[in-house]
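Chemist: just to be clear, the model below is a prediction. Sequence and coordinates:
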Amino acid sequence: MKARVNVTLKPGVLDPQGAAVRHSLGSLGFAGVDKVRQGKVIELDLTENDPIKAKSQVEDMCEKLLANTVIENYSVEIL
Amino acid sequence: MRAAVIQFPGSNCDRDMAVALNRFTTKKDPVKMVWHKESGLPGNLDLIAIPGGFSFGDYLRCGAIAARSPIMNAVIEFANNGGYVLGVCNGFQVLTESGLLPGALMRNSNLKFICKNIQLKVETQSSNFTSCYSKNEIINTPIAHHDGNYNADKDTIKELKDHDRIAFSYVDNPNGSMGNIAGILSENRRVLGMMPHPERLNDQMLGGIDGNRLFQSIYETLVTS
């Protein structure tokens, strides 16, 4: 079973990388991009076959390592 | 003083830290170097230093993987029992990732790795790491980091300010840190995390000795206690 974790910065946390990407898009002529927030995607191959258990395991992984909940939010998709 | 330096794969200021600390240890009992895979610490330690570097290649987030190393359980227990812990640069990132200090260190606001000497203001003299400095004293210290932009929620910043837990601040903020914060203390004032490198400033040949007083402060505390 596969899981995908999306890690994003919490609203209100400054994202200098997102701001740099937005600036670069503007200089390439992509007008109308008000804001860019950059995050990360982590894909996991799991041996667990039960989607509910798998989701609970991955959420535990997010709390303990994959996300820093001081500054980041996460969401888990079971694929 | 009995001290240990924790080494992770990618630590690169570990030996500088040991040299700085060994000015205040005895030949019979020099600094112990402790590999991250150890599960226990040497006995009777006064101070643990977590050095700068790029532990685990800064993968995932700076300090995140090091903070979950086997040795960190022992370091957290040591700190919770009132032991002194100093984290410099990557060591500061490890301390925030392990929960021993609040907040997080994010990418510098200009997105650049900054390596230069900067002016640092001593914000408090009332800690066992800063007692040999004067409050508001300005010292010159090297910084060398890509992720030193201190970030925390409003309540945490207020708590740090209200309880005199900001140890050092930048005179001219190089990295976007909230409140110009360069170093903070734990609630019991025995854990210090800071981005600048005091261990690189302990010999006139290296450009100054201002960093030495940090180690001297902790040494004098231990000798007189």
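Modeler: The structure has been received and is ready for your questions.
Chemist: and chain B, which residues reach chain A?
Modeler: Contact residues (C-beta under 8 Å from any C-beta of the partner chain) of chain B with chain A: B:60-61, B:64-65, B:68, B:96-97, B:102-104, B:106-111, B:149, B:151-153, B:176. C-beta here means a position set from N, CA and C on the backbone, and glycine is covered the same way.
Chemist: repeat the analysis, applying 7 Å as the threshold.
Modeler: B:61, B:64, B:68, B:97, B:103, B:104, B:106, B:107, B:109, B:111, B:151 (C-beta under 7 Å from any C-beta of the partner chain).
Chemist: for stretch A:47-57, which positions count as buried?
Modeler: Within stretch A:47-57, the residues scored as buried using 16 or more other C-beta atoms under 10 Å in any protein chain shown are A:54, A:55, A:57.
Chemist: what helices or strands is the strand or helix carrying the last one leaning on?
Modeler: I take that to be residue A:57. Assessed by DSSP states H and E, residue A:57 sits inside helix A:51-61. Applying 3 or more C-beta pairs under 7 Å, 6 or more residues apart in numbering or on different chains; DSSP states H and E, one finds that helix A:51-61 contacts strand A:2-9, strand A:72-78.
Chemist: can you tell me what sits against that helix?
Modeler: Residues from elsewhere that reach helix A:51-61, judged by C-beta atoms under 7 Å, 6 or more residues apart in numbering or on different chains: A:1, A:3, A:5, A:44, A:46, A:48, A:76, A:78.
Chemist: Throw those residues into JSON lines and include distance to chain B, thanks.
Modeler: Below are these laid out as JSON lines (distance: C-beta to the nearest C-beta, whole Å):
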{"residue": "A:1", "distance to chain B": "22"}
{"residue": "A:3", "distance to chain B": "16"}
{"residue": "A:5", "distance to chain B": "11"}
{"residue": "A:44", "distance to chain B": "13"}
{"residue": "A:46", "distance to chain B": "18"}
{"residue": "A:48", "distance to chain B": "21"}
{"residue": "A:76", "distance to chain B": "16"}
{"residue": "A:78", "distance to chain B": "21"}
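Chemist: touching the lowest-mean-pLDDT helix or strand in chain A from outside, list them.
Modeler: When each helix and strand of chain A is scored by mean pLDDT, DSSP states H and E, helix A:16-27 comes last, with a mean of 92. Contact partners of helix A:16-27, identified using C-beta under 7 Å, 6+ apart, comprise A:33, A:35, A:36, A:37, A:38, B:107, B:109, B:111.
Chemist: 10 Å - rerun?
Modeler: A:9, A:15, A:30-39, B:106-111, B:149, B:175-176 (C-beta atoms under 10 Å, 6 or more residues apart in numbering or on different chains).
Chemist: where exactly do the strands run in chain B?
Modeler: Taking DSSP state E, the strands of chain B run over residues B:3-7, B:32-35, B:47-50, B:84-88, B:104-106, B:114-122, B:138-145, B:149-151, B:166-170, B:181-185, B:191-194.
Chemist: for residue A:39, list the residues it contacts.
Modeler: By C-beta under 10 Å, 6+ apart, the neighbours of residue A:39 are A:6, A:7, A:8, A:9, A:15, A:17, A:18, A:67, A:72, A:73, A:74.
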